[in-house]
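Enquirer: requesting a structural model of the entry that follows:
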Amino acid sequence: MSEETSGEVVRLDAVGMRCPHPVLVLSNATVHTPPGTIVEITGDCDTFERDIRQFCERRKKTVLAVQGTPPRLTIQIRY
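Expert: Predicted coordinates for the structure are as follows:
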């Protein structure tokens, strides 16, 4: 897992991880993320997009964009 912070953008890499690890990476890395921050997470698990969308729905976070070609996607989230 790698994390890069650039101003108000946090980038997370969950490539090669399988469910539920990408969601755990997102959850752990954003515990103290202030409102308005943009989080981008990249993964390639077959259920990656569905799992991240469900996480965002439960946490009331907004999915702004999904980019890439399945299974490797980058999902942009507003916190």
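Enquirer: pLDDT value on the residue lying closest to residue 37 once chain neighbours are set aside, please?
Expert: The shortest distance from residue 37 to any residue other than its chain neighbours is 4.5 Å, reached at residue 79 (C-beta to C-beta, 6 or more residues apart in numbering). In this view, the C-beta of every residue, glycine as well, is placed from N, C-alpha and C. At residue 79, the model reports a pLDDT of 94.
Enquirer: next one: residue 8
Expert: Residue 8 is assigned a pLDDT of 84 by the prediction.
Enquirer: show me where this structure has strands.
Expert: Secondary structure of the chain by DSSP state E: the strands cover 2-6, 9-14, 38-43, 62-69, 72-78.
Enquirer: and those strands, which is most packed in?
Expert: Relative to the other members of the strands of the chain, strand 38-43 carries the highest mean neighbour count by mean count of other C-beta atoms under 10 Å, namely a mean of 22.
Enquirer: can I get the strands of the chain in TSV with distance to residue 22?
Expert: Rendered in TSV, the data for the strands of the chain read as follows (distance: least, C-beta to C-beta, whole Å):
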stretch	distance to residue 22
strand 2-6	13
strand 9-14	4
strand 38-43	4
strand 62-69	14
strand 72-78	9
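Enquirer: going by mean pLDDT, which of those comes out lowest?
Expert: Lowest mean pLDDT within those: strand 2-6, a mean of 46.
Enquirer: how close does residue 74 get to residue 67?
Expert: Using C-beta to C-beta, to the nearest Å, one gets 5 Å for the distance from residue 74 to residue 67.
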